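I would like the atomic coordinates for the input below:
(chains A, B, C and D)
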There are 2 protein chains.
Amino acid sequence: MVKRARLENILEDLDSTTKLEGLQSATVALRDLYQIHHIVYHWVDSAGDQYGCGTYSDAWRQRYLEQNYLRIDPVIQGCYQRFHPVDWKRLDWSSKAARAFLSEAIAYGVGNQGYSVPIRGPNGQFALFTSNHDCDDAYWNQFIETHGRDLILIGHYFNRKALEFEPVRQPEPAQSLSPREVDAMTLIALGYNRAQVANSLSISEHTLRVYIESARFKLGALNTTHAVARAMSRGLIVV
Amino acid sequence: MVKRARLENILEDLDSTTKLEGLQSATVALRDLYQIHHIVYHWVDSAGDQYGCGTYSDAWRQRYLEQNYLRIDPVIQGCYQRFHPVDWKRLDWSSKAARAFLSEAIAYGVGNQGYSVPIRGPNGQFALFTSNHDCDDAYWNQFIETHGRDLILIGHYFNRKALEFEPVRQPEPAQSLSPREVDAMTLIALGYNRAQVANSLSISEHTLRVYIESARFKLGALNTTHAVARAMSRGLIVV
DNA sequence: CCTGCCCTCACCATTTTTGGGGAGGGGAAA
DNA sequence: TTTCCCCTCCCCAAAAATGGTGAGGGCAGG
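Here you go, the predicted structure:
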């Protein structure tokens, strides 16, 4: 277990980082402090934008982006479906593409062991804080046993810091929907057509349309489906 | 700062909790250890189911459910839109309903100070781990300064434990979509109509329809909007 | 090698949604 | 008190989505 004082130092170091590039050096510092191979922070925006920083080689970073490995990387894919931090060993490496990806990653200097902490935002934002090392299972298990909790906390602090630098990623000031609009959009999102929804809400279909159009307008949506998507990604309705 | 050994004990206590009711006693134990008023774990499913445990009075719990305060509780509303743990003081209490809610809560024995840690799952699941106390601002600020990090960690462990008891809440075995289906559904979710999407993907509108129908079938959706909603809530597409 | 899944293309009739107009009553905030 | 937003209701024509059926080539895993 890293001494508590040391963890404090790391967190304070993150707190004192004042520029986005600072995260890069904080990452390097973290790696040194924990004496592991790599530390990587990866962000995927709800708009599909991505941002990352870490200690992987430029070559691998570039290769990753060029090949759009985001789509097949089992770490991303697996963590996207997962609640909790996960050891790479527990991911699904069964597909041929995944194994090829791993081989290539290792060839580019990525270690064989990893521990990734998924972090989610209110609007579908997704970040991943990964610690990577090259060692045998026993050593790694011991490392995670010892440092896993620190890594979780650091991941969250890291994410918080990254967000401060990019206010763009903050949710838009939630233009809220009226209760009726929420009702309408929720039922629409559940797959009912307007006649059914109107019936279900005991209002006329015409009235229902007003709600839908109003919601569409508020959300700046091009059509009903778009409005549902936006309402969901903003957490205005839950389906 | 709570001694590290003590935090360890709490987390181990959570680890050794083997029954759902056990969480209730773990909650009480946490409260005793941290000597604060209340600790509450609250869960809202993507299906709208909710589950909670904590040290609030039965009366308040019942009242809360009866009145469906989930809809107006600024803690829920605020944290749902937020990335990071938040002090209750920083929430929006400006609406009349919110202030009335707070007064009533306090009348039911809820403390005036709170710190809530939002935790999100891959399919829109949302959990909130709240620490609540009745004290002045200075004391509370000091408490959070000291224990905030522990509370974040404990919240995550608590959530992990709660999920183990309710495998129902685990994501359904993700019936995945093919790449083209993902493309199609994503563009549809962005509000484009079929002609635009087909054009955008450089395929015929007929082919596009096959993807949409296929996705709809895989997702068990009643129509395109429903399919988009399901794909989003399962994290298959990100908009 | 066979099976299953993925990608691509096509038609027709029917149902559903959309766009744009107008109108009145009620409640809460400024 | 006035203003703004919310809830409710109505018509019509044009545009878009849906349901059902069919077909061929390609690639990967059992």
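
and chain A, what are its domains?
Each domain of chain A is listed here as a residue range: A:4-169, A:179-233, per automatic domain parsing.

can you give me the end-to-end span of the last one?
Taking C-alpha to C-alpha, to the nearest Å as the measure, domain A:179-233 stretches 18 Å from start to finish.

and the domains of chain A, which one is worst for confidence?
Ranked by mean pLDDT, those bottom out at domain A:4-169, which scores a mean of 83.

for stretch A:229-238, buried residues please.
Going by neighbour count (16 or more other C-beta atoms under 10 Å in any protein chain shown), the buried part of stretch A:229-238 is A:Ala229, A:Arg230, A:Ala231, A:Met232, A:Ser233, A:Arg234, A:Gly235, A:Leu236, A:Ile237, A:Val238. From N, CA and C alone the C-beta is placed, and that goes for glycine too.

I'd like the domains of chain A as CSV, with distance to DNA strand C appended.
Putting those into CSV (distance: least, C-beta to the nearest atom of the strand, whole Å) gives the following:
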stretch, distance to DNA strand C
domain A:4-169, 11
domain A:179-233, 3
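
of the buried residues of stretch A:229-238, closest to chain B?
Minimum separation from chain B among these (C-beta to the nearest C-beta) is found for A:Ala229, which lies at 4.0 Å.

buried ones in stretch A:88-100, by neighbour count?
Within stretch A:88-100, the residues scored as buried using 16+ other C-beta under 10 Å are A:Trp88, A:Leu91, A:Ala98.

am I right that the second one is in contact with A:Tyr80?
No. The pair A:Leu91 and A:Tyr80 does not pass the contact test of C-beta atoms under 8 Å, sitting 11.1 Å apart.

how near is A:Ala195 to B:Leu7?
56 Å (C-beta to C-beta, to the nearest Å).

comparing those two, which residue is more hemmed in?
More neighbours surround B:Leu7 than the other of A:Ala195 and B:Leu7, with 19 against 10 (other C-beta atoms under 10 Å in any protein chain shown).

can you tell me, leaving aside adjacent residues, what's nearest to that one?
Nearest residue to B:Leu7 in three dimensions, chain neighbours excluded: B:Asp150, at 5.2 Å (C-beta to C-beta, 6 or more residues apart in numbering or on different chains).

neighbours around the one you found, how many?
The number of residues packed around B:Asp150, counting by other C-beta under 10 Å, is 21.

thought it was touching B:Leu11?
No. With contact defined as C-beta under 8 Å, B:Asp150 does not count as touching B:Leu11 (9.4 Å).

now for A:Ala127: which residues touch it?
Applying C-beta atoms under 8 Å, 6 or more residues apart in numbering or on different chains, one finds that A:Ala127 lies in contact with A:Tyr41, A:His42, A:Trp43, A:Val44, A:Pro118, A:Ile119, A:Arg120, A:Gly121, A:Gly155, A:Asn159, A:Ala162.

which residues in chain A form helices?
For chain A, helices defined by DSSP state H occupy the ranges A:4-16, A:20-34, A:58-66, A:74-80, A:96-107, A:137-165, A:179-189, A:194-201, A:205-219, A:224-233.

point out the most buried one among those.
By mean neighbour count, with neighbours taken as mean count of other C-beta atoms under 10 Å in any protein chain shown, helix A:224-233 ranks first of the helices of chain A at a mean of 25.

that helix close to chain B?
Yes. On the criterion C-beta under 8 Å from any C-beta of the partner chain, helix A:224-233 is in touch with chain B at A:Thr224, A:Thr225, A:His226, A:Val228, A:Ala229, A:Arg230, A:Met232, A:Ser233.

A:Ala98 and DNA strand D, how far apart?
When C-beta to the nearest atom of the strand, to the nearest Å is applied, the distance between A:Ala98 and DNA strand D equals 10 Å.

what residues are up against that residue?
By C-beta under 8 Å, 6+ apart, the neighbours of A:Ala98 are A:Ile72, A:Pro74, A:Asp92.

of all those residues, which comes closest to A:Asn112?
Ranked by distance to A:Asn112 (C-beta to C-beta), the contacts of A:Ala98 are led by A:Pro74 at 13.3 Å.

that closest one and A:Leu91 touch, don't they?
Yes. A:Pro74 sits in contact with A:Leu91 when judged by C-beta under 8 Å, with a separation of 4.7 Å.

quick check: nearest residue in space to the residue lying farthest from the centre of chain A, chain neighbours excluded?
In chain A, A:Ser204 marks the outermost C-alpha relative to the chain mean, sitting 41.1 Å out by C-alpha atoms, centre = their mean. In space, not counting the residues next to it along the chain, A:Ser204 is nearest to A:Ala198; the distance is 6.1 Å by C-beta to C-beta, 6+ apart.

hang on, isn't that neighbour packed against A:Ile212?
No. When contacts are counted by C-beta under 8 Å, A:Ala198 is not listed as touching A:Ile212 (10.2 Å).

would stretch A:115-125 count as contacting chain B?
Yes. In this structure, stretch A:115-125 sits against chain B according to C-beta under 8 Å from any C-beta; the contacting residues are A:Pro118, A:Arg120, A:Gly121, A:Pro122, A:Gly124, A:Gln125.
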